[in-house]
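*Asks:* make a model of this:
(one chain, ligands or ions: 1)
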Amino acid sequence: MGLLQDRERMLCTLMSNLKGMVYCCLLDADWTMVFVSDGCLSLTGYSPEDLLFNQIVSYEKLTFPDDRLWVRELIDNAAKSNQQFELEYRITHVNGETRWVHESGLPLFNENYELVALEGFIQDITTRKHSEQLARDAELRYRSIFENAIEGIYQTTPNGQYLDFNPALARIYGYGSLQDLKNSISDIQYQLYVDPNKRAEYVALLKTLGKVQSFEAQVYQKNGDIIWITENAREVRDQDGQLLFYEGTVEDISERKNYEQQIEYQATHDSLTGLPNRTILTDRLQQCMSFADCHDHKVAVAFLDLDHFKLINDSMGHHIGDGLLTVIAERLSKCVRESDSVVRLGGDEFVLLLTCLQKVEDITQRMLRILSAVAEPCIVDKLEFIVSCSIGISVYPGDGSDANTLLKHADLAMYKAKQSGRNTFQLYTLELNQALKKRIEIEYSLRHAIENEEFLLYFQPKINLATGKLCGAEALIRWQPKDGPLISPLSFIPVAEETGQIEALGRWVLGNACRAANQFSQLLGKPFSVAVNVSPRQFRHCDLVSTVEQVIKDTNVNPGCLELEITESCLVHDTPAFIKTLHDLKSLGLTLAIDDFGTGYSSMAYLKDFPVDRLKIDKAFVGNLENEPANVAILKAIIALGHSFGLKVVAEGVETAYQQAYLHGMGCDELQGYYFSKPLPLADFLLILKK
Ligand SMILES: Nc1nc2c(ncn2[C@@H]2O[C@@H]3COP(=O)(O)O[C@H]4[C@@H](O)[C@H](n5cnc6c(=O)[nH]c(N)nc65)O[C@@H]4COP(=O)(O)O[C@H]3[C@H]2O)c(=O)[nH]1
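*Replies:* Residues are numbered from 1 along each chain as shown. This next block holds a predicted model:
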């Protein structure tokens, strides 16, 4: 008995603590409750007494009106077939709120198997229902985003099969439908990615970082077109950390990529010729060097500069210059192999990177081909031009281990090729480097020397053979650096010529020679002539006539005491302008001499057109008079030629009594040479004059 009471009490406790209502009801129209547990209050808001026997409210009333019909139908059917039932529906709480409930119950029969009541349990599931609703709403919302997103969204297996994707993905990849894409791509790595390694990279990133961001790659569209995409993706794992799939988004960035590529192309290529420009030269060369290292090859860096291009550009106009450059660029591109590069540095300078060379000798053939390709006639604007080029070559690894050194050495060699007469190529050598370094040093210090007036004039006497007396002097420049030995003009005049520094230097010489002539004339009490060397560049580039005129004015020299020595090579340009310059100079009252006669083209024609007074026979013909009988014939011919044009003939470089006597015998007018005196500093020369 005690045990039974205990069980009843335990059941009562259990029922009153249940979160829900235990009930027993009749199957009438009100679902009249004959028993409800204490849970009634929290479920409905009514106390059990209010609901029992429909005291205040019936359960039928509490059932949400829209649900009443189907709830009854379902329970009736279950009861009739003696089955347990479970259902979820709504009730109205006493406070007016609608609550979701879950009911499970079963029919009760009496001993005559007549259905008499229902027994069961009703639980408030509003919170769960809300969560489910929220989840459904969210699912709907996200589905809509998924379906309508502009970005492609996908889930794939780690080994590259699609699990799910949205319409945008199919659209981006050029497929007509989701199904189309699903049927077509079964291996993303090899069917989609242009470079399958990219997919491997993507998977590796996901494995190490768990995600990829802004991962850019090229993929094939259905029709074979290639597009650029960017992907963001992550790994999705289950609660145990097992990898389920990859999930990510795809954006078509072809437009941006194409634009970037276009910008990059413009930045790295020359707009005129379409060749790569200097911005990528170092990188390219670096790549070639690394490749050469791996394959034990050599790389040639050929620095190519067109000869006299500036002249064509300036005289014919830039459109002709541009046309020529385009033609040459095409020819150069055709002369090289696919693995080689042709870069336009700017202006008329190109650099060729020749790869896969086994030995330096291979370069010669290729350079000869380039020289002759460039020298083919070019037709631009229906005009025919013939241009040549000079090429300097350095070879990796022998001539430098980094890009800058190789380029610098190729440039130096090119400079040498220009010096060697152009239309040729020159390989870089160590000696060349040293010589050019020296030359650059001279060029650099010459600039300061001009500013600091580190120059001196030496004077070498000229002897009149008829009288045996001093008849003039040649002014010869010397460079006396502050803390160094005297430098010969042979070292720095050619540099000054090339760099244009000769113009300032020439003005300095002219001024000082005129002042010296004044000094000498004053000392002797009669005009004394000083000869000055005028370089070819002075003739070509500056207004020589007005410079000389100005110097004569400034120094107040007697123009008859100034002689200008022009080298024979200058005279070859017998253009009307050049002849006019000679006449204009002559009209200033000075005298003109042709220097180094016999070493140039010695065109006799110019002797009759040019208003010159003297021929100076080059010392090469005098020096070997004793041993070279041929020189005798030449000397005789030159002297006769000069005299036949009414010119005085001067022989330079007389070093022996024999030479002096011989030249005397041949009728030479004046002599100059170490036999009489070396060139002397001003003070020493004044001493000779005084004697
Ligand atoms: N072996 C030998 N040499 C003799 C003898 N007599 C004279 N000489 C040298 O022969 C050169 C003659 O000058 P150049 O032919 O005009 O050749 C000159 C000239 O072309 C150039 N030069 C010198 N001064 C000037 C200048 O003020 N302006 C320009 N533009 N060039 C200059 O530099 C060249 C060399 O000048 P320097 O060294 O002074 O050399 C001078 C002179 O010292 C001799 O008996 N034997």
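*Asks:* low-confidence regions, this structure specifically.
*Replies:* 1-4, 541-542, 571-575, 600-606 (pLDDT under 70).
*Asks:* which residue is nearest the centroid of it?
*Replies:* Per CA atoms, centre = their mean, the C-alpha nearest to the average position across the chain is that of Thr279, at 2.1 Å.
*Asks:* just the strands in the stretch 51-200 of the chain please.
*Replies:* Taking DSSP state E, counting those that start in this stretch as the criterion, the stretch 51-200 of the chain contains strands spanning 85-92, 98-109, 115-124, 152-156, 162-165.
*Asks:* make a markdown table from these and add distance to Asn313 and mean neighbour count to it.
*Replies:* In short, each C-beta sits where N, CA and C put it, glycine included. Shown next, in a markdown table, are those (distance: least, CB to CB, whole Å; neighbours: other CB atoms under 10 Å):
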| stretch | distance to Asn313 | mean neighbour count |
| --- | --- | --- |
| strand 85-92 | 92 | 17 |
| strand 98-109 | 90 | 18 |
| strand 115-124 | 95 | 18 |
| strand 152-156 | 54 | 19 |
| strand 162-165 | 60 | 17 |
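*Asks:* I'd guessed the residue nearest to the centre of the chain sits against Tyr265; true?
*Replies:* No. Distance between Thr279 and Tyr265: 11.2 Å, which falls outside the contact criterion (CB atoms under 8 Å).
*Asks:* so who does Leu585 touch?
*Replies:* Leu544, Val545, Val548, Leu564, Leu592 (CB atoms under 8 Å, 6 or more residues apart in numbering).
*Asks:* helix or strand: which one has the fourth one?
*Replies:* Think Leu564. Assigned by DSSP states H and E, Leu564 falls within strand 562-567.
*Asks:* partners of that strand in the sheet?
*Replies:* Strand 562-567 sits in its sheet next to strand 530-534 (parallel), strand 591-597 (parallel), going by DSSP bridges.
*Asks:* so is the last one next to the ligand?
*Replies:* Yes. Strand 591-597 is in contact with the ligand by CB under 6 Å from any ligand atom, via Asp595, Asp596.
*Asks:* contacts for that strand next, please.
*Replies:* Here strand 591-597 has contacts from 529, 531, 533, 560, 562-569, 571, 582, 585-586, 610-618, 638, 650, using CB under 8 Å, 6+ apart.
*Asks:* over to stretch 349-356?
*Replies:* 275, 281, 284-285, 288, 291-292, 295, 297, 299-305, 328-329, 332, 336-337, 339-345, 363, 366, 370, 407, 410.
*Asks:* got it, and stretch 463-476?
*Replies:* Residues outside stretch 463-476 that contact it (CB under 8 Å, 6+ apart): 457-462, 489, 509, 512-513, 516, 520, 528-533, 563, 565, 663-664, 668-672, 676, 679, 685, 688-689.
*Asks:* if we use 6 Å, what do you get?
*Replies:* Stretch 463-476 is contacted from outside by 457-462, 513, 529-532, 664, 670-671, 676, 679, using CB atoms under 6 Å, 6 or more residues apart in numbering.
*Asks:* and the furthest pair within those?
*Replies:* The two members of the contacts of stretch 463-476 with the most space between them (CB to CB) are Leu457 and His664, at 28.9 Å.
*Asks:* higher neighbour count, those two?
*Replies:* Higher neighbour count among Leu457 and His664: Leu457, with 22 against 14, using other CB atoms under 10 Å.
*Asks:* which helix or strand contains Pro527?
*Replies:* Going by DSSP H and E, Pro527 is not in any helix or strand.
*Asks:* so it makes contact with Asn558?
*Replies:* Yes. Taking contacts as CB atoms under 6 Å, Pro527 lies within contact range of Asn558: 5.5 Å.
*Asks:* neighbour-wise, which of those two wins?
*Replies:* Asn558 (17 against 14).
*Asks:* just the C-alphas of stretch 497-517, formatted as CSV.
*Replies:* Extracted C-alpha coordinates of stretch 497-517, given in CSV (Å, rounded to 0.1, in the frame of the first residue of the first chain):
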residue,chain,number,x,y,z
GLU,A,497,86.9,67.4,-80.2
GLU,A,498,84.3,64.7,-79.5
THR,A,499,82.8,66.4,-76.5
GLY,A,500,82.6,69.8,-78.1
GLN,A,501,84.9,71.2,-75.4
ILE,A,502,87.3,72.1,-78.2
GLU,A,503,85.1,75.2,-78.9
ALA,A,504,85.9,76.8,-75.6
LEU,A,505,89.5,75.6,-75.7
GLY,A,506,89.9,76.9,-79.3
ARG,A,507,88.8,80.4,-78.2
TRP,A,508,91.3,80.3,-75.4
VAL,A,509,94.1,79.3,-77.7
LEU,A,510,93.2,82.0,-80.3
GLY,A,511,93.1,84.8,-77.7
ASN,A,512,96.5,83.7,-76.1
ALA,A,513,98.1,83.2,-79.5
CYS,A,514,97.1,86.7,-80.6
ARG,A,515,98.4,88.2,-77.4
ALA,A,516,101.7,86.3,-77.9
ALA,A,517,101.9,87.5,-81.5
